[in-house]
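>>> Give me coordinates for this.
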Amino acid sequence: MVAPEELRDLLSDPYRVACPEGHTALNPAERAPSAYCRTCRQSYPADELVDRRRDPDPCKPHRRAKD
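Below you'll find the model as predicted:
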């Protein structure tokens, strides 16, 4: 989850923020704390976006190392 006041700063770091579907092609909205995903063609509010450094990526499960 991304805090609305941090959204612009986090989006300036490539690939850091993802939409709920795991896409990182995001453009910040000008007037609202949200971002438009160019892949989904949908806008998401900041609290639905994922900070991939803080939160695990829900679309990519952890891989197990070889035993």
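
>>> Just the buried residues of whichever strand or helix holds Asp9, please?
Asp9 is located in helix 7-11, with elements delineated by DSSP states H and E. Residues Leu7, Leu10, Leu11 are the ones in helix 7-11 that count as buried (16 or more other CB atoms under 10 Å). Quick note: C-beta positions are derived from backbone N, CA and C, even for glycine.

>>> Can you show me the strands along this structure?
17-18, 26-28, 34-37, 42-45, 50-51 (DSSP state E).

>>> which residues touch the third one?
Outside of strand 34-37, the residues that reach it under the criterion CB atoms under 8 Å, 6 or more residues apart in numbering are 7, 11, 17, 19, 21, 23, 25-29, 42-46, 49.

>>> repeat for the fourth one
If you take CB under 8 Å, 6+ apart as the criterion, strand 42-45 is touched by Pro4, Cys19, Pro20, Ala29, Ala32, Pro33, Ser34, Ala35, Tyr36, Cys37.

>>> partners of that strand in the sheet?
strand 34-37 (antiparallel) (DSSP bridges).

>>> what does the second one give?
The pairing partners recorded for strand 26-28 under DSSP bridges are strand 34-37 (antiparallel).
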